[in-house]
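# After the sequence you'll find the predicted model.
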Amino acid sequence: RSQPGEVCFPGGKYECEDNSFRNTAVRETCEELGLKPENITICGELDCLVTHNGPIIHPFVGLIDDISKITYSKSEVERIFTVPLKVLLEQKPRRGSVQLADHPGDDFPFDLVPQRKRGWRMNKSYYVYFYLYEDKVIWGLTARMLYAFLYRSRKEARLHAEAMRTALTEQYSAVAEALGVLGEQLGRPGDPEPYKSGRVADFFAQLGTPPQECAVTLDDLGRTHAAVTLPRTRFSAQELSALAGEVGRICRRTLEVPQVLSCKGMTTLLFSEKPVLRAVFGMAGAAARGSISGDAVQQFCSPAAAQMILCDGMGTGRPAAVDGNLAAELTARLLKAGFTAELAARLVNVALALKSEDESGATLDLISVDLYTGTARLFKAGAAPGFLVHGGRVRAVGDTSLPVGILGGVNGQSRVVHLTVGDYAVLVSDGLLVDGPGWVAKQLELSAAAGEAPEKVAKTLVETARVRAQKTGRPDDITAAVLRLEKCV
């Protein structure tokens with residue numbers, strides 16, 4: 001009614017019972033278009049618009065779930081129409097300037113301000129935008145709000161595209177580096193052992209299955225590997241165990257039960273030297289509220305190493321659980337594929353950055369223990385301090401850094417330590433350290449002295465931390481992941 005004949009967005013004057021401009025926007029839209037509040041989803045607020053004649057407008061952008069539900073009030077609206085957003089984005093609006101001037105009234109005291117001239121005086125000018133669609137002209141305040149919305153949309157689209165390009169560049173760079181590392185590893189098949197290769201080939205020939213190929217090699221760390229390719233043959237678990245014993249006797253090494261690969265009428269047996277150590281895992285956790293925790297744990301053994309991963313999604317509840325599990329599962333897959341911790345972290349960082357437009361992030365805490373040498377490599381990005389128990393003595397490890405998914409790159413720390421039989425490695429989320437790491441170190445000393453199983457150690461830490469967290473009144477997801485090295489029998 002205040003702008004008859006003009007094209008306007010739904011809206012109106014703020015009323016005290018609205019409590020917020022957002023509520024005003026929803027209420028006025030419902031009144032003018034015959035909708036219910038549940039039909040409208042507010043996406044965000046644009047910058048407020050100060051008009052030259054006084055009113056301040058607070059524009060909001062929203063979605064209507066079904067425009068067929070619109071039954072507008074004819075007392076306030078003559079007709080409604082929609083314009084495809086694509087048409088507006090592709091259109092450069094026409095622009096014209098409006099000049100504002102002021103003129104003193106008849107009662108202006110010129111005797112007090114003699115320098116003030118009696119005629120019109122130019123004050124300022126501003127642009128008016130015009131959008132055309134079919135037979136309609138959108139201009140005035142409506143066009144100003146529309147111009148601001150489209151400008152912001154284009155700007156955010158450019159920023160998002162730039163972020164996508166940066167993320168994909170980082171992803172391709174990390175993959176290229178990983179492929180280079182893997183290619184280098186494949187290019188080093190190991191030092192051949194011709195004498196042992198011949199003896200292993202003779203052994204299989206005596207069994208009535210002369211091998212097509214047979215190679216015994218030593219890798220860079222002096223570990224024995226054997227690959228025997230035979231005409232397609234089926235072996236029982238008992239036969240494979242016996243073969244490992246006989247081939248190991250020939251090579252003077254203790255070998256694992258061989259991995260069996262079958263392809264195109266051929267069977268390949270892959271023997272690897274049995275590790276000196278084995279890993280025993282344990283974990284426990286408690287959600288801050290309800291049953292959904294943002295912490296995620298992965299524990300597994302690859303042929304040569306024990307891997308333990310703990311990721312803590314930002315915040316609590318379901319969104320944090322999505323980020324935490326994505327980071328942990330993707331890291332585990334990459335480690336199993338042969339990626340290093342640093343390369344895995346870079347790719348996880350990209351995955352979280354591209355997951356959604358909302359900020360996503362998770363800490364990344366992992367330890368990889370070589371089961372032949374006991375060499376442990378730790379990598380932390382935003383994770384809470386971890387703990388190592390070596391020779392019965394406990395020490396905390398880890399420095400402050402940012403989680404993955406926050407920045408374009410990864411700010412993580414790596415460290416190498418040596419572990420042996422009976423040592424523990426413990427990864428914890430920050431919720432377990434709500435009142436400091438001191439009590440954790442003392443509890444681990446007691447658990448190590450008693451030789452407790454990793455599962456029991458983890459449960460004790462989590463249960464104690466829950467009690468302490470309740471006293472502080474700062475609930476958070478609590479998780480402990482524990483690894484203990486034992487002698488491989």
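Great, that's in hand.

# any low-confidence regions in the stretch 351-489 of the chain?
The stretch 351-489 of the chain contains residues with pLDDT under 70 at 353-360, 399-411.

# which residue ranges form the helices in it?
438-450, 454-472 (DSSP state H, counting those that start in this stretch).

# Show me what the shortest one is packed up against.
Read it as helix 438-450. strand 386-390, strand 393-397, strand 424-428, helix 454-472 (3 or more Cβ pairs under 8 Å, 6 or more residues apart in numbering; DSSP states H and E). Heads up, the C-betas are built off the backbone N, CA and C, glycines and all.

# Mind listing what's buried along stretch 227-244?
227, 228, 229, 230, 235, 240, 243, 244 (16 or more other Cβ atoms under 10 Å).

# Could you export those as TSV, including pLDDT?
TSV is the format used below for those (pLDDT from 0 to 100):
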residue	pLDDT
227	93
228	94
229	94
230	94
235	92
240	95
243	95
244	94
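
# Out of the residues you listed, list just those in helices.
If you go by DSSP state H, the buried residues of stretch 227-244 have 240, 243, 244 in helices.

# Tell me the one among those nearest to residue 85.
Ranked by distance to residue 85 (Cβ to Cβ), these are led by residue 240 at 64.0 Å.

# about what we covered before: let me have the helices and strands packed on helix 438-450 in JSON lines, extended by mean neighbour count.
Converted to JSON lines, the helices and strands packed on helix 438-450 look like this (neighbours: other Cβ atoms under 10 Å):
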{"stretch": "strand 386-390", "mean neighbour count": "21"}
{"stretch": "strand 393-397", "mean neighbour count": "15"}
{"stretch": "strand 424-428", "mean neighbour count": "27"}
{"stretch": "helix 454-472", "mean neighbour count": "17"}
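
# Would you reformat the ones you listed as a markdown table and include distance to residue 192?
Shown next, in a markdown table, are those (distance: least, Cβ to Cβ, whole Å):
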| stretch | distance to residue 192 |
| --- | --- |
| strand 386-390 | 38 |
| strand 393-397 | 40 |
| strand 424-428 | 36 |
| helix 454-472 | 40 |
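
# Out of those, which gets nearest to residue 294?
strand 424-428 (13.9 Å).

# circling back: greatest separation within the buried residues of stretch 227-244: which pair is it?
Pairwise over the buried residues of stretch 227-244, using Cβ to Cβ, the maximum falls at 229 and 244, 16.8 Å.

# Would you reformat the helices of the stretch 351-489 of the chain as TSV and include distance to residue 352?
Shown next, in TSV, are the helices of the stretch 351-489 of the chain (distance: least, Cβ to Cβ, whole Å):
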stretch	distance to residue 352
helix 438-450	28
helix 454-472	26
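
# Could you point out which of the ones you listed sits nearest residue 134?
helix 454-472 (62.5 Å).

# distance of residue 387 from residue 394?
To residue 394, residue 387 is 6 Å away according to Cβ to Cβ, to the nearest Å.

# To what extent is residue 329 buried, counted in neighbours?
Counted with other Cβ atoms under 10 Å, the neighbours of residue 329 add up to 15.

# if we can go back for a sec, so which of the helices and strands packed on helix 438-450 is nearest residue 122?
helix 454-472 (65.1 Å).

# tell me the angle of that closest one relative to helix 438-450?
160 degrees (axes from the mean of the first three to the mean of the last three Cα atoms, to 10 degrees).
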